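*Asks:* Sequence and predicted structure, then a few things I'm wondering about:
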Amino acid sequence: MRTLYARWMYDWENRLCSVSTNRVVRPFDWGLEWTRELPSAPAVNGADPYQYLNAFNDAALATPEQFFDYETPNDFRLEGDLLRFTSPSTSPYPGNNQVHGVWFPTEHKPGKRKVATIVLPHWNASLNQHKALCAGIAKFGISALRLSLPYHDYRMPPELERADYAVSSNVARTIHATRQAVLDIRCAVDWLEQQGYESIGIVGTSLGSCYAFLASTYDSRLKVNVFNHCSTYFADVVWEGLSTRHIREGFLNHITLHELRDVWRVISPPFHFERYAQGGKKPLFMYARYDTTFPLRFSEQVIAAAKEHKMWHKAVVLPCGHYTLGETPFKFMAGYNIISFLKRHL
């Protein structure tokens with residue numbers, strides 16, 4: 001039986017979720033054309049789409065370093081506080097191919113290491129969200145770069161009101177967008193290194209947390225990681241989450257959860273966890289007890305996996321939900337844990 005506090009929290013979560021009235025149920029699409037130019041694309045013509053994407057995932061997971069490999073851009077430019085560069089992963093949308101990051105530098109003290117962190121917002125974050133967190137991180141002597149995710153804010157195609165192309169019922173486009181995010185993050189690390197930063201961390205929230213995990217797994221420079229909301233299979237979150245009910249509706253009668261889990265293996269943390277555990281990382285896993293978007297049992301499975309791999313980690317459970325984590329007082333609890341962890345380990 002739920003406690004009075006739990007009922008209140010779940011009711012609050014539902015009210016906050018219902019504020020957005022522009023969710024669109026988009027048609028199901030395997031989106032095979034989004035894989036043709038990617039590493040590991042199998043040379044299979046006329047194959048069943050499910051079999052084709054299974055083969056694609058098999059090949060990508062056999063050589064994940066190649067799948068997440070990239071070339072460093074040569075057009076980094078800092079204009080005021082805005083960093084811009086061309087993504088090494090291209091999409092049919094020119095605006096989405098230009099990466100944007102808002103820069104919060106700190107004054108470097110002679111004799112001290114230059115430290116910085118990349119901050120990845122949540123899915124459908126507005127341009128100004130997470131800037132307060134970045135400013136708070138910078139006040140404690142850590143420079144912060146708030147990186148826009150694919151199909152968000154500056155990068156959103158004009159026909160969209162939400163970042164629907166980042167996560168949707170188009171199976172392969174979601175894979176493409178996730179890979180693009182990982183490559184963009186690694187490019188941002190390149191730029192920070194070019195500026196002389198010696199210790200670089202990453203903070204990812206919700207969808208940004210998944211992107212941060214994948215990027216850190218295949219980039220040894222990201223030693224200190226904060227995962228603000230953590231979960232397991234990409235498919236399970238979309239299938240069960242309160243925020244993604246409209247996406248699940250697009251999948252119904254076309255694909256099962258089991259099949260979706262198969263074709264999204266390459267973007268799901270469990271298939272990379274062993275590699276991550278071998279990287280000598282310092283992760284903070286922060287999650288919410290009353291989460292309706294990343295259900296609690298999925299977060300607890302992440303902590304169990306960390307323990308199973310005997311991996312050093314810190315876990316923090318906050319007494320709120322996914323949406324309410326952005327509300328007072330929980331946002332201040334989260335900020336304290338994030339900044340103190342970065343300050344201690346970077």
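*Replies:* Cool, the structure landed.

*Asks:* Let me see the ranges of the strands in the protein.
*Replies:* Remark: strands assigned in the chain by DSSP state E are 77-79, 82-86, 98-104, 115-120, 143-147, 199-205, 222-228, 282-288, 314-318.

*Asks:* so where's the chain shaky on pLDDT?
*Replies:* For the chain, the stretches with pLDDT under 70 are 1, 43-46.

*Asks:* quick one, helices of the stretch 51-200 of the chain?
*Replies:* 64-67, 131-139, 171-194 (DSSP state H, counting those that start in this stretch).

*Asks:* Quick one, which of those gets closest to residue 30.
*Replies:* Closest approach to residue 30 among the helices of the stretch 51-200 of the chain is made by helix 171-194 (5.3 Å; CB to CB). Every C-beta, even on glycine, is put in place using the N, C-alpha and C of the backbone.

*Asks:* Find the centremost residue of the chain, please.
*Replies:* Among the residues of the chain, the one closest to the centroid is residue 208, at 2.3 Å (CA atoms, centre = their mean).

*Asks:* Please report how far that residue lies from residue 17.
*Replies:* 18 Å (CB to CB, to the nearest Å).

*Asks:* Kindly report the same for residue 341.
*Replies:* When CB to CB is the yardstick, residue 341 and residue 17 sit 28 Å from each other.

*Asks:* With neighbour numbers in mind, choose between those two.
*Replies:* Neighbours per residue (other CB atoms under 10 Å) separate residue 341 from residue 17, with residue 341 holding more: 21 against 18.

*Asks:* Give me the nearest residue to the more buried one, chain neighbours excluded.
*Replies:* Nearest non-adjacent residue to residue 341, counting by CB to CB, 6 or more residues apart in numbering: residue 284, 4.6 Å away.

*Asks:* My read is that the one you found contacts residue 227, right?
*Replies:* Yes: between residue 284 and residue 227 a contact is recorded at 6.8 Å, counting by CB atoms under 8 Å.

*Asks:* which of those two has more neighbours?
*Replies:* Neighbour tally, residue 284 and residue 227, criterion other CB under 10 Å: the higher count belongs to residue 227, 27 against 23.

*Asks:* for the residue nearest to the more buried one when sequence neighbours are not counted, what are its contacts?
*Replies:* In space, residue 227 comes closest to residue 209 once its chain neighbours are excluded; the distance is 4.4 Å by CB to CB, 6+ apart. Residues in contact with residue 209 (CB atoms under 8 Å, 6 or more residues apart in numbering) are 120, 227-231.
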